[in-house]
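Student: Got a predicted structure plus its sequence, pasted below:
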Amino acid sequence: MAVIQHTPHEDLPPPVSQTGVIGWLRQNLFSSWLNSLLTLLAAYIVWKTLMPLIDWAFIKADWIGTSREDCSSGGACWVFVSVRFKQFMYGLYPEAEQWRINLMAILFVLLMIPMFIKNFPWKKWLGMFILFGFPIIGYYLLSGGAFGLEHIETSLWGGLTLTLVLAAVGIVAALPLGILLALGRRSKMPIVRALSVAFIELWRGVPLITVLFMASVMLPLFLPEGAQFDKLLRALIGIVLFQSAYMAEVVRGGLQAIPKGQYEAAEALGLSYWKSMGLIILPQALKLVIPGIVNTFIALFKDTTLVLIIGLFDLLAMIQSATQDTKWLGFSIEGYVFAAVTFWIFCFGMSRYSQALERKLHTGH
Amino acid sequence: MPMDNQDQMPSRPPLWNDPDKRALIFQVIVLAAVFAFFAYIFSNTLHNLEKRGISTGFDFLNNEAGFGILMSLIPYDETYTFGRTFLVGLLNTLLVSFLGIILATILGFIIGVARLSNNWLIAKIATVYIETFRNIPLLLQILFWYFAMLPLLPHPRQSVNFSDAFFLNSRGLYLPAPVFESAFLWVLIALFVAIIAVVFLVRWAHKRQAATGQPFHTFWVSLAILVTLPAVAYVVTGMPLNWNLPELKGFNFRGGMTIIPELAALLLALSIYTAAFIAEIVRSGIQAVSHGQTEAAYALGLRPAKTLQLVIIPQAMRVIIPQLTSQYLNLTKNSSLAAAVGYPDLVAVFAGTTLNQTGQAVEIIFMTMMVYLTISLLISLFMNWYNNKMALVER
Amino acid sequence: MNHKAVISATALAAAMTFSTASHAGATLDAVKEKGHVQCGVTTGLAGFSQSNDKGVWTGIDVDMCRAVAAAVFGDAGKVKFTPLTAKERFTALQSGEIDMLSRNTTWTLTRDSNLGLNFAGVNYYDGQGFLVSKDLGVKSATELDGAAICIQAGTTTELNLADYFRSKGMKYTPITFDRSEETIKAFEAGRCDVLTSDQSQLYALRIQLAKPESAIVLPEVVSKEPLGPVVRNGDEDWFKIVRWSLSAMLNAEELGISSANIDDLKESSTNPNVRRLIGLEGIKGQGLGLPDDWAYSIVKQVGNYSEVFERNVGKGSALGISRGLNALWADGGIQYAPPIR
């Protein structure tokens, strides 16, 4: 008698409808009739908007040329952008001196590379240098007037260069101010606290455009007779005041996240207020708020476009004035799209960076 | 106190070693410095204004403005005063902020929920939307909607016509305007009564459910009350509502209501931009409610819709609302970009034209900033109150 | 350290690096010291002040500034330009950021009396007009009842427009923009039926249309717009330098002196008027605190009024505006300069 041995049948493969492409489609796009309907509708809309867009921006577009006659294909005329590209980047900065801007950009990138290397030992010092040393080098490179460099007036600065200068100076100068304000807001001294709160809430409560108006129209009235500021500097003062209030709130978030034990430990060691803040609390708090600082930087970077309204020529203003060139009338859409793409690349890149940082900092907990 | 001081009189510590006194002195110095700073600025300003022969004070508010304004919610023409231009601008700012908040909230919630959808395509579209619009400067978006889209609209004589009551052209969207006769007041009273009735009904239903466990479906009954009562009043008083239709006369449409392109472009840009941020807030709010809550609700036998309504949304709202407030504030402040496309908001009219015509920069910028500050503080106060009300009561 | 102190300290430190001191009482000294005239102009208006893609400024207002630089330094190149919006222009002048404002600014009582300004003369007699699209079929401004009108904010135009329509009992919808470039964009897009501005600006803006011939300027002129260079109140010396720089250009045209023939005339002319202007006899630049050849430098380097006009806004330019009111008094216009003697 043969022993009937039960050998279980091999597992059947999951039904085709659950795996592979079909399974994925069924699960993610057509899981119910309502979902299927939505998918089809969405696909139709995407198709209807994306196709003409691609057609306009790439397939039918003109890329090479020197004048508007070279734009004959009926699509986007990128010739307009390429002809004006230098102006969009450097503004009216004299062509012979534009190497200075390039040098500065290269220097910055070179300085930033070690910051992304995981085990680079002098990160802290390099970071300090980028924050406080580099702006001085940058100032002399851009403005000149020393070291044999020709002085370039700020009214000639423009384009993307100006946008970046405004945003970078805004953040770097606002950081120390913001730290002081954040400390002031958490201070035990009622008057200091009240003043800090008032300062922060005042600037956070008003739109940047009124701050810029104030800086450009009212600031000259505040100064003693005879003293006056450069227009760019006035805008910068407005931006820094405005930004320091936002920065203070970001830093405050970091200060609040430091456990109370750290404060108590610092006090128990007999450290003075400034020492305990400078050596114990702030180093930890600032590390925590780096993503927040990057986020405020993104917001500021976008907001710098407002200087157009007070007559400074940032990237957007430069593009706008280029669209009014009688030789290139009717290409505003190309100009706006170029501006949008440029801003988008910067902002998206930075926001990805800040998200990555956030994830990295979270692993410690 | 150090030990070696013990042979001396155990007196109070010197002034600079007493933290309380030191703090006091420091604060006095700070206060004095701030005062000195303001006094310095103030005297400089006064001196400069006097030297340059610029008039000061708020008397200019009573002078005749002499210029026209595109859109006004209150009666205005060029014979009104500069003070009136302030009001006109303020109301226009409030209007665009209010409409923008509503639109951005609706759009933001839809996109935020879509981002979490099981449907891959829908979720991706929502992601692309969010990443695109929040990474492009708002001013650029406003300019784009206005200057790039405006030329695509037809001239008034070639308007897009919807059943002779709605017209769309480069001058705006023209709608029929309601004209209320005095008897329409009764309809409003009826509506008011209906609302009160519904409030009482809902309260009664809640009480009964709490006491006896019997649910009462208030929705349909409420709707019936809300519709019938005003409708009856409307018919009884002889239909005291007419429509004023827009009509092409001369160059432009006359009559009806208009949504001007400036308002439309600003509103579109503001709500699309802010919605991208709100969507992210909504997503993080919903994700903050742990899945265990849903499972617990299912275990209790709640249906999905009820789960969402009674369990998920109330908890998500706690996370969402504080962040939503700051977005509303941002939107209100961002509405000041109206100047770029000529929408007559407070900054464009008052801090723009009025400032130019009077030259009184200090007074005007001060007033403008105060308005935004007040709006900000009011919204913050309201939201704090709401937050406290909604805050988790731990038992 | 408190934050206010930080702000003022930063501000002061920055002021030292960025600012150039100016003494409101002695603009000429300050100008001489820094070596150039700082001149406020528009952010871009064809024919008046406009910078090309190399950053070089041209225009009738720009030439006014260059004339002053030529008078002061004998070098028309010693001038720097600050582009200003309509909103900023007066503050910039009042605060000393610029030495003179030459930004198609209308001379009015309010501005002369309430804003601490001093108008040094009129370099362009303008008047407000209307630009309409041809297919509208309008022949006169009186047919504009109910029109939508594009207009630049914060200008006298805005007030004149309101006055004109009120006096004619007509209604209009004003659509105001911060900058003139935006008004023409909106006009082109069909947002408004009419664009109103100073007539010179209308011609300048019209060439920005895709089809300039599709729009016409209506015959009506509804206001007086004397445009001219402006200086701060309280510095008579500087005021006179600017006034006489303008007069020198007008006198040169009247005497038939141009940049082309001035060197010949310097050698050969026996006309005492010509010799006085060139600085060969008479009072010369003394009273103004200027070099003897101040007027010579202006005409030699910038040109006489006619040259400046034709080159920037007249027949020699894209605008093609005729002299009209801006012709010399002897030719039926109203440009009339006090004599140099």
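Tutor: Sure, I can see it. Numbering: from 1, shown residues only, chains lettered A, B, ... in the order given.

Student: pLDDT weak spots in the stretch 151-300 of chain A?
Tutor: Where the stretch 151-300 of chain A drops to pLDDT under 70, the residues are A:225-228.

Student: in what helix or strand does A:Ser31 lie?
Tutor: In this structure, A:Ser31 sits in neither a helix nor a strand according to DSSP states H and E.

Student: mind listing the helices for the stretch 1-150 of chain C?
Tutor: C:3-18, C:27-34, C:60-73, C:89-94, C:109-114 (DSSP state H, counting those that start in this stretch).

Student: check whether the last one contacts chain B.
Tutor: Same thing as helix C:109-114. Yes. Using Cβ under 8 Å from any Cβ of the partner chain, helix C:109-114 reaches chain B at C:Thr110, C:Ser113, C:Asn114. Heads up, the C-betas are built off the backbone N, CA and C, glycines and all.

Student: which residues are contacting that helix?
Tutor: B:Gly53, B:Ile54, B:Ser55, B:Gly359, C:Phe90, C:Thr105, C:Leu117, C:Asn118, C:Phe119, C:Val230 (Cβ atoms under 8 Å, 6 or more residues apart in numbering or on different chains).

Student: again, only this time at 10 Å
Tutor: By Cβ atoms under 10 Å, 6 or more residues apart in numbering or on different chains, the residues outside helix C:109-114 that reach it are B:52-55, B:60, B:357-360, C:90, C:105, C:108, C:117-119, C:156, C:159, C:230, C:233.

Student: What subset of those residues is buried?
Tutor: B:52, B:54, B:60, B:357-360, C:90, C:105, C:108, C:117-119, C:156, C:159, C:230, C:233 (16 or more other Cβ atoms under 10 Å in any protein chain shown).

Student: Of the residues of helix C:109-114 next to chain B, grab the buried ones for ChimeraX.
Tutor: A single ChimeraX command selects the buried members of these (16+ other Cβ under 10 Å):
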select /C:114
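
Student: Can you lay out the residues of helix C:109-114 next to chain B as a markdown table showing distance to C:Gly320 and pLDDT?
Tutor: As requested, the residues of helix C:109-114 next to chain B are exported to a markdown table (distance: Cβ to Cβ, whole Å; pLDDT from 0 to 100):
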| residue | distance to C:Gly320 | pLDDT |
| --- | --- | --- |
| C:Thr110 | 33 | 80 |
| C:Ser113 | 37 | 81 |
| C:Asn114 | 37 | 75 |
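
Student: Show me what the strand or helix carrying B:Ile142 packs onto, helices and strands only.
Tutor: The secondary structure element spanning B:Ile142 is helix B:138-143 (assigned by DSSP H and E). Other helices and strands packing on helix B:138-143, by 3 or more Cβ pairs under 10 Å, 6 or more residues apart in numbering or on different chains; DSSP states H and E, are helix A:282-303, helix A:315-323, helix A:332-362, helix B:261-288, helix B:313-334.

Student: Return the list of helices and strands in contact with the fourth one.
Tutor: Applying 3+ Cβ pairs under 10 Å, 6+ apart, one finds that helix B:261-288 contacts helix B:82-115, helix B:120-133, helix B:138-143, strand B:172-175, helix B:313-334, strand C:172-177.

Student: shaky segments in the stretch 1-150 of chain A?
Tutor: For the stretch 1-150 of chain A (pLDDT under 70), the answer is A:1-2.

Student: let's see it at 80
Tutor: Residue ranges of the stretch 1-150 of chain A with pLDDT under 80: A:1-5, A:13-32, A:61, A:65-75, A:92, A:95-96, A:114-124, A:131-132, A:142-150.

Student: Any residues of it in contact with chain C? List them.
Tutor: A:Val83, A:Arg84, A:Lys86, A:Gln87, A:Gly91, A:Leu92, A:Tyr93, A:Pro94, A:Glu95, A:Tyr139, A:Ser143, A:Gly145 (Cβ under 10 Å from any Cβ of the partner chain).

Student: what sits against the fifth one?
Tutor: Residues in contact with A:Gly91, defined by Cβ under 10 Å, 6+ apart, are A:98, A:101, A:155-163, A:312-315, A:317-318, C:55.

Student: Could you pull up the contacting residues of the closest residue to chain B within the stretch 151-300 of chain C?
Tutor: Using Cβ to the nearest Cβ, the closest approach of the stretch 151-300 of chain C to chain B is made by C:Gly154 at 2.8 Å. Contact analysis of C:Gly154 by Cβ under 10 Å, 6+ apart lists B:67, B:352-357, C:85-87, C:89, C:176, C:178.
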